[in-house]
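Trainee: The sequence and its predicted three-dimensional model are supplied below.
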Amino acid sequence: MPTQVRLVSPTAQQTYSLSGGTGYHSSGISPTSATTSGLNGFAPSGPWYLERQSMSVTYWRVPIEVARQATTSQDWALSGGSPNSIVSGNINMTALAYRVDAHVSVVKSYDNFGTSSYIQPQRMELQPISTDMNGDEYNSIPVGRLGPRGTIITSEDFVNRRPWVEGTDSTYSKTITGYNWSITDTCYVSSNEVGNADGVKAYIASVGAQSEFIGDYTPFFFGEYNFYELLGNTMWQPKPTPGASARNFVVNKPTAWSSHSMFGGYNSANEPSGIARWFVDEVAYYINTGTLFNDDYATRTFDPNTRDDYATINNKLQGQLKATGNDLPRYDVNRHSYE
């Protein structure tokens, strides 16, 4: 199988706002506003409660169902095989893998303002790329669709400013990074390592950093589908864990029901017209619930006195945001605006 060739610093072929157009509506925040009566008796310097929210997403479409028997020595493409000679049936289904960086902060501000309150909804901008990691072209991306890969950035932060309430308000700042997929292997934990383990039990542990495969669909082929020849084309190797083998691991792929799966070879024209806005709000849900993963957060050792249940231990080993205390429940999808 030919070596995968990664594009260097790809640029978006087009950029468009996720705001504007028929059917685009705010999720609950009014357009940029301020009180019309000025300060209403408040001092210009506050103190003010000033809250901000933002996020960015890097996404790429990956195979989640592959027909091994239909493969050839051709290079891979999301459409089924090499663009010069499509091999029907190689890829049965694709889905979106992504990395998201999200931030929420609250500061106590003494800056001077001319109104007693201000609120601004969060707006996003989409930068789709019409080629995959090998440079294979999938034609222009219709407005409202995502294409084979791209980025979504916050073009305008959500902002909420109001008078500070002493004794109730507090400062806050948190940034998280999460992925909707992980690279795992079986590890073994004895009873003296985890208090609730009876003897030796098998658990699922993260063994690879997702950050090394951003934009790449190679890891979604090897492991589960035994395309080990691809391992020779990358510098990456799984991190050693108890009971782990360098070639006995699997990519926990994005699930079909939660990552905008599409049957057959990928074609951007087959994407739903509203997929971009739907996708952004879905990502916000997983930020809020902490059900994303990051190898950097994975628990490698446990307190022998822990009494976590099996599911919680598994989630900690995989670096789930919520289980490891790296979730961001203050991120609110209702602040997104599409007006």
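Mentor: That came in fine, so what should we check first?

Trainee: how many other residues sit next to the nearest residue to residue 320 once chain neighbours are set aside?
Mentor: Nearest residue to residue 320, sequence neighbours excluded (C-beta to C-beta, 6 or more residues apart in numbering): residue 293, at 5.5 Å. C-beta: built from backbone N, CA, C; applies to glycine. Using other C-beta atoms under 10 Å, residue 293 has 26 neighbouring residues.

Trainee: got it, and the one 5 residues further on?
Mentor: Close neighbours of residue 298, defined as other C-beta under 10 Å, add up to 23.

Trainee: How about it: what's its closest non-neighbour residue?
Mentor: residue 319 (3.5 Å).

Trainee: Need the phi and psi values for that neighbour.
Mentor: Dihedral pair for residue 319: phi 80, psi 30, per degrees, to the nearest 10.

Trainee: ok so, going back, isn't the residue nearest to residue 320 right up against residue 179?
Mentor: Yes. Using C-beta atoms under 8 Å, residue 293 and residue 179 qualify as a contacting pair, with a distance of 5.5 Å.

Trainee: residues in contact with the residue nearest to residue 320?
Mentor: Applying C-beta atoms under 8 Å, 6 or more residues apart in numbering to residue 293 gives the contacts 178, 179, 180, 181, 182, 206, 210, 252, 318, 319, 320, 321.

Trainee: From what I see, residue 163 and residue 49 are in contact.
Mentor: Yes. Taking C-beta under 8 Å as the definition, residue 163 is a contact partner of residue 49 at 6.8 Å.

Trainee: about what we covered before: out of the contacts of residue 293, which is most surrounded?
Mentor: residue 206 leads the contacts of residue 293 on contacts (other C-beta under 10 Å) with 29 neighbours.

Trainee: Surely that one and residue 319 touch.
Mentor: Yes. Residue 206 is in contact with residue 319 according to C-beta under 8 Å; the separation is 4.9 Å.

Trainee: Find residues that contact each of these two.
Mentor: Joint contacts of residue 206 and residue 319 (C-beta under 8 Å, 6+ apart) are 182, 293, 295, 298.

Trainee: Just give me the closest of the residues you listed to residue 334.
Mentor: Nearest to residue 334 among the shared contacts of residue 206 and residue 319 is residue 293, at 24.8 Å by C-beta to C-beta.

Trainee: before we move on, the earlier item: hey, what's in contact with both of residue 293 and residue 179?
Mentor: With C-beta under 8 Å, 6+ apart, residue 293 and residue 179 have common neighbours residue 210.

Trainee: Contacts only, for the closest residue to residue 119 other than its chain neighbours.
Mentor: Distances taken as C-beta to C-beta, 6+ apart place residue 160 nearest to residue 119, at 5.2 Å, with adjacent residues excluded. Counting by C-beta under 8 Å, 6+ apart, residue 160 touches 49, 50, 51, 118, 119, 120.

Trainee: How much space separates residue 160 from residue 114?
Mentor: 17 Å (C-beta to C-beta, to the nearest Å).

Trainee: again, but for residue 280
Mentor: 33 Å.

Trainee: So the two - more neighbours on which side?
Mentor: residue 280 (22 against 9).

Trainee: which residues touch the more buried one?
Mentor: 18, 57, 124, 152, 336.

Trainee: for residue 158, same thing?
Mentor: 29, 51, 52, 53, 54, 120, 121, 122, 332, 335.

Trainee: Where do the helices of the stretch 151-300 of the chain begin and end?
Mentor: 275-289 (DSSP state H, counting those that start in this stretch).

Trainee: pLDDT weak spots in it?
Mentor: Residues of the stretch 151-300 of the chain that meet the criterion pLDDT under 70 lie in 188-201, 218-219, 221-258.

Trainee: tell me the strands in it, going along the chain?
Mentor: Using DSSP state E, counting those that start in this stretch, the strands of the stretch 151-300 of the chain run over 158-163, 172-179, 182-189, 201-208, 250-252, 262-263.

Trainee: Would you format the ones you listed as JSON lines with distance to residue 140 included?
Mentor: Output for the strands of the stretch 151-300 of the chain, formatted as JSON lines (distance: least, C-beta to C-beta, whole Å):
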{"stretch": "strand 158-163", "distance to residue 140": "31"}
{"stretch": "strand 172-179", "distance to residue 140": "28"}
{"stretch": "strand 182-189", "distance to residue 140": "33"}
{"stretch": "strand 201-208", "distance to residue 140": "34"}
{"stretch": "strand 250-252", "distance to residue 140": "30"}
{"stretch": "strand 262-263", "distance to residue 140": "18"}
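
Trainee: Done for today, thanks.
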